[in-house]
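Asker: quick one: sequence and predicted model below, then my questions.
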Amino acid sequence: MSANRREFIKQGTIAGAGLAGMTMVSNDLFAQKKEKGKKAAPRDESIVRVGFIGVGGRGQGHVHDSITVGGIEIVAVCDISQDSLDKAKQIIAKNGMKEPKFYTGHDHAYEEMLKSEELDAVIIATPWEWHVPMAIASMKAGVPYTGVEVSAANSLEECWDLVNVHEETGKQLMIMENVCYRRDVMAILNMVRTNMFGELVHCRCGYEHDLRSVKFDLLKNDLKIGKEAHSEAQWRGLHSVRRNGDLYPTHGLGPIGTYLDINRGNRFLTLSAMATKSRGLHDYVEDHAAKESIYRNIQFNLGDIVTSMIKCANGETILVTHDTNLPRPYSLGFRVQGTNGLWRGEGGGDWKDPAQEIYMEGQSKPHVWDPSEPWLKKHDHKLWREKGTLAEGAGHGGMDFIMLNDFFDAVRGKKEVPLDAYDAAAWSAVSALSEMSVARGGASVDFPDFTRGQWIKRRPHFAMDNQFPISQERALINNLF
Ligand SMILES: NC(=O)c1ccc[n+]([C@@H]2O[C@H](COP(=O)([O-])OP(=O)(O)OC[C@H]3O[C@@H](n4cnc5c(N)ncnc54)[C@H](O)[C@@H]3O)[C@@H](O)[C@H]2O)c1
């Protein structure tokens, strides 16, 4: 390991040190790797050495978009599916990148990858059950930066594991919540931070996405789920059989979390959830499965609509909807409402969508919505103004590029990640807490404080480098302490 590189890892550890600040684990592991291994050839320290775990639909997108962002070397890729590996290999070759080392063959091949390779960053895009074991292994192996897909964790124990291991190892963990980087969502963040909506009072969000053809592989006269199926139908549907709660809360709650400064001056306090009856998936099976299919016997636990109400320490409420089993167009159902006006952000983020509207007291015609486009254009975030053209063609309207660019920027600059382990834990905890509350007839359940009291003095951090100054009211409070 070159002196520079050792310094890089050391600094990454210090920059990322959590509350406990124990840094020995990871550095020791790197030392072991060095002893066992080959002498590292001198290299360009500004190039980020990346490993990917899970290169199915989402992971392939990350491989492609990471190459587009640039400044990286793909050192290793791990997946248990040869088909996924072949597709990732093609993307890498097509883009003229050096072939990485591939790890496969069994469920724990990623551990071999983490043990053998010196990586600056790992990106995990595997089924939900694997996120936490893999993220923990990555941090414990000494990887300075780990990015994990959404939702980050399935249970409260898993949420704590992410936080505890981040603090013990001092390694950075980022929840790869791409919707925080959606162009309209970031423009609204600017409007929130300049206090245009006044003091925020109530927010809404959700995941309203007809996933029936994702949870099942639809064939000509039949359908498949589980081991016999492909991609997400292999694993995602099982969660709808066994669980009843908001299974996918972070696309909505991530943005709202950044608006409300969750974990940074505010926090989620309590949650109360209710689920409707479960009809959508059963009807889908009835309509599409072969006559004698055993799928007809599956009982789905997941209510078609799960509604959670969250109360925050600073007095706001958030209504979160999970709606994935019924026919409907896509929407994340945003609403951001303050003492001076509100944004209604239905749909998928298109600025021209008539379902995107803004009302601003004193500026809008009384009681009449404005189309949101002129407002959003005016408040476009610096990241988009500077990189929007480069992002064209990248995943999800370019927001995946903007997110990966921000992630690699943190890695290269040895900075704190924009969306951290505490965000991963608090946002993902909504799944487990909503399951608990639904099971108890909507009873209120308490959020753990994953920051252990630090939320009181932590300051807003996400996307702060911007052309719009934070409002005086917000800045005053932040600077008081
Ligand atoms: N942020 C977004 O917009 C977005 C979009 C799609 C999916 N996702 C998330 O990305 C993740 C992956 O979703 P996907 O659509 O790519 O699913 P997928 O099923 O297409 O891909 C998952 C991949 O993980 C591999 N895998 C499974 N177990 C493994 C193991 N033990 N070791 C190594 N590889 C393993 C599978 O072989 C597969 O190639 C999920 O968490 C999902 O929620 C996020």
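Answerer: Nice, thanks for sending it over. Model, not experiment: these values are computed from the prediction.
Asker: who in the chain is up against the ligand?
Answerer: The chain has residues 53-59, 78-81, 84, 107, 110, 125-128, 130, 149-150, 178, 231-232, 234, 396 near the ligand, with proximity defined as CB under 6 Å from any ligand atom. For glycine as for every other residue, the C-beta is placed from the backbone atoms N, C-alpha and C.
Asker: domain assignment for this structure?
Answerer: Annotated domains of the chain cover 3-175, 180-382+420-480 [automatic domain parsing].
Asker: what about the protein, any weak spots by pLDDT?
Answerer: 1-41, 478, 481 (pLDDT under 70).
Asker: which residue is nearest the middle of it?
Answerer: Residue closest to the average C-alpha location in the chain (CA atoms, centre = their mean): Glu177, at 2.5 Å.
Asker: find the nearest non-adjacent residue to that one, please.
Answerer: Excluding the flanking residues, the one nearest Glu177 by CB to CB, 6 or more residues apart in numbering is Gly254, at 3.7 Å.
Asker: residues touching that neighbour, list them.
Answerer: 150, 175, 177, 179-180, 419, 423, 427 (CB atoms under 8 Å, 6 or more residues apart in numbering).
Asker: could the domains of the chain go into a markdown table alongside distance to Phe408?
Answerer: Shown next, in a markdown table, are the domains of the chain (distance: least, CB to CB, whole Å):
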| stretch | distance to Phe408 |
| --- | --- |
| domain 3-175 | 5 |
| domain 180-382+420-480 | 13 |
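Asker: right, and those domains - which one's nearest Arg412?
Answerer: Of all the domains of the chain, domain 3-175 sits nearest to Arg412, with 6.0 Å by CB to CB.
Asker: secondary structure element for Ile67?
Answerer: Here Ile67, judged by DSSP states H and E, is contained in helix 57-69.
Asker: name the helices or strands packed onto that helix?
Answerer: Using 3 or more CB pairs under 8 Å, 6 or more residues apart in numbering; DSSP states H and E, the elements in contact with helix 57-69 are strand 48-53, strand 72-78, helix 82-94, strand 121-124, helix 399-412.
Asker: now stretch 298-317: buried residues?
Answerer: For stretch 298-317, the neighbour count (16 or more other CB atoms under 10 Å) marks 298, 300-313, 316 as buried.
Asker: hang on, I meant stretch 261-272
Answerer: By neighbour count with 16+ other CB under 10 Å, stretch 261-272 contains the buried residues 261-268, 271-272.
Asker: also stretch 368-378?
Answerer: For stretch 368-378, using 16+ other CB under 10 Å, the buried residues are 372-373, 375-376.
Asker: hang on, Lys115 in a helix?
Answerer: Yes - judged by DSSP: H, G, I helix; E, B strand; the rest coil, Lys115 forms part of a helix.
Asker: contact partners for Arg193?
Answerer: So Arg193 contacts 460, 466, 468, 470-471, 474 (CB under 8 Å, 6+ apart).
Asker: over to Ser272?
Answerer: Taking CB under 8 Å, 6+ apart as the test, what Ser272 contacts is 308-309, 437, 442-445.
Asker: hmm, try it at 7 Å
Answerer: Listed by CB atoms under 7 Å, 6 or more residues apart in numbering, the contact set of Ser272 reads 309, 437, 442-444.
Asker: what is the most widely separated pair among these?
Answerer: Maximum pairwise distance in these, criterion CB to CB, is 12.0 Å, between Met309 and Ala443.
Asker: how about the strands of the stretch 351-481 of the chain, start to end?
Answerer: Listed in chain order, the strands of the stretch 351-481 of the chain (DSSP state E, counting those that start in this stretch) span 356-360, 370-371, 445-446.
Asker: could you do the stretch 151-300 of the chain as well?
Answerer: Applying DSSP E, counting those that start in this stretch to the stretch 151-300 of the chain gives strands spanning 172-175, 200-208, 217-218, 223-224, 268-275.
Asker: out of the ones you listed, deepest packed?
Answerer: Highest mean neighbour count among the strands of the stretch 151-300 of the chain (mean count of other CB atoms under 10 Å): strand 172-175, with a mean of 28.
Asker: closest residue of the stretch 51-200 of the chain to the ligand?
Answerer: Among all residues of the stretch 51-200 of the chain, Gly56 sits closest to the ligand, at 1.9 Å; criterion: CB to the nearest ligand atom.
Asker: ok, the closest residue to that residue other than its chain neighbours - how many residues close by?
Answerer: Using CB to CB, 6+ apart and skipping residues adjacent in sequence, the residue nearest Gly56 is Ser84, 5.0 Å away. Residues within reach of Ser84, counting by other CB atoms under 10 Å, total 20.
Asker: the chain should start at 31 in everything you say after this.
Answerer: With the count now opening at 31, the last piece we talked about shows up as Ser114.
Asker: could you report the separation of Val193 from Glu416?
Answerer: Relative to Glu416, Val193 is positioned 32 Å away (CB to CB, to the nearest Å).
Asker: how far does stretch 148-167 stretch from start to finish?
Answerer: Taking CA to CA, to the nearest Å, the first and last residues of stretch 148-167 lie 14 Å apart.
Asker: list the buried ones in it?
Answerer: 148-156, 158, 160-167.
Asker: quick one: the helices in the stretch 131-280 of the chain?
Answerer: In the stretch 131-280 of the chain, the helices defined using DSSP state H, counting those that start in this stretch lie at 139-146, 158-170, 186-199, 213-223, 242-245, 266-272, 280-289.
Asker: what angle sits between the last one and strand 298-305?
Answerer: Translated: helix 280-289. On the basis of axes from the mean of the first three to the mean of the last three CA atoms, to 10 degrees, helix 280-289 is oriented at 150 degrees to strand 298-305.
Asker: for helix 280-289, list the C-alpha coordinates in PDB.
Answerer: What follows is helix 280-289, C-alpha atoms only, in PDB (Å, rounded to 0.1, in the frame of the first residue of the first chain):
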ATOM      1  CA  THR A 280     -37.600   5.600   1.900                       C
ATOM      2  CA  HIS A 281     -38.400   7.000  -1.600                       C
ATOM      3  CA  GLY A 282     -40.900   9.300   0.000                       C
ATOM      4  CA  LEU A 283     -39.500   9.700   3.500                       C
ATOM      5  CA  GLY A 284     -35.900  10.400   2.300                       C
ATOM      6  CA  PRO A 285     -36.800  13.700   0.700                       C
ATOM      7  CA  ILE A 286     -39.300  14.600   3.500                       C
ATOM      8  CA  GLY A 287     -36.500  13.700   6.000                       C
ATOM      9  CA  THR A 288     -34.200  16.200   4.400                       C
ATOM     10  CA  TYR A 289     -36.900  18.900   4.400                       C
END
